[in-house]
Structure formats: structure tokens, C-alpha cells
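A.B. asks: one predicted model, sequence on top.
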Amino acid sequence: MKKTKTITLLLFLFALSGIKAQQGSTATGGTASGSGGTETFSVGQVFYSSQSGTGGKINQGLQQPFEFFIAGIENKNISLSYSVYPNPTLSTICLKIENQNLENLSFQLFDINGKLLLNQKITSSVTSIKMGDYAKASYFLKIIENNKELQAVKIIKN
């Protein structure tokens, strides 16, 4: 009898070691009741992990971010030579315009929702744009000449 109780206790403790709880934080929860009874529930965030390295970033799990990519404006009459660096950035990006008349050029910075954050005239071949006050997110930089969009660039702020 004593041997049976010991074996039962060991099996019970061994079974408890394999039980795992939900991973992640609970967003909300509550109790639903009806004619069939009462049920308590919780809604949590789906667990996912993100790994990044020099070659890029990979997200594992069910909850995946989405991104919009703008390749540029297809117009054969535009000969704009530019570069935006560093991208991704932490605090400042530089917009470098080469071989272009700067007289009627400006840029606009938009957030991911399309809200205009900054509208500024380009006065030199290298323009510094401060991003330190903005949240970590994706932004769009549009280069404009005479109220006509020449190019759009996606900026990532880390």
C-alpha cells in the first residue's frame, strides 16, 4: 500500500512538471453566462519572437507585421539623382540631391497613416532631417518640384 502511494505521488509530481501555462500578457477577459452555464475567458496576445541580424530580420509566430513599399514614381521625364542615408536611422537622415536645380525643390515627411509631419524647402545639395522627436516607425519622404511629386522613399526609424 505504501509503495503504491509513493509511486502515485511520484507520477503526479512528474506529470505536473510538464504542464505549461499561457505565454504572454493578458489583454482582457471576463465571464460569460447563459442558460447553459458560466464560462470564464481571457484574451491574450499571440506569442511571437523576432530575430534580427546583419542580413535582415525574421519574425516567428502567428502575429506578423506588415509593411508598404513604394518603389518610386514611374516617369521617364524625371532625371533626379538623390540618396537618403542612413536608412534605417536613429536620429537624423541626410537627403543628398545631385545634378539638380534646387530652386523649386522641397520635401515632405509623412507618417505611415499619411499625416504630414514636415514640409520644408530644399536649399542645399545635402539636407539634414531630424528624426529624433519621432517614434520608432516607418515614414515616407516625398521629394517635390513645383507641387509635383518626383520621388517617394520609405524611411525606417529605429
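C.D. replies: Arrived safely, thanks for sending. Numbering: from 1, shown residues only.
A.B. asks: name the next helix or strand downstream of the helix or strand of the chain with the lowest mean pLDDT, please.
C.D. replies: Lowest mean confidence among the helices and strands of the chain (mean pLDDT, DSSP states H and E): strand 56-61, at a mean of 67. Using DSSP states H and E, the helix or strand that follows strand 56-61 in sequence is strand 81-85.
A.B. asks: any idea how far the residue nearest the centre of the chain lies from residue 51?
C.D. replies: In the chain, the centroid-proximal residue (C-alpha atoms, centre = their mean) is residue 137; its distance is 5.4 Å. Distance check for residue 137 against residue 51: by C-beta to C-beta, to the nearest Å, it reads 20 Å. The C-beta positions use only the backbone N, C-alpha and C, and glycine is treated the same way.
A.B. asks: what does residue 119 give?
C.D. replies: 38 Å.
A.B. asks: out of those two, which sits in the busier spot?
C.D. replies: For residue 119 versus residue 51, the count of surrounding residues by other C-beta atoms under 10 Å is larger for residue 119: 12 against 9.
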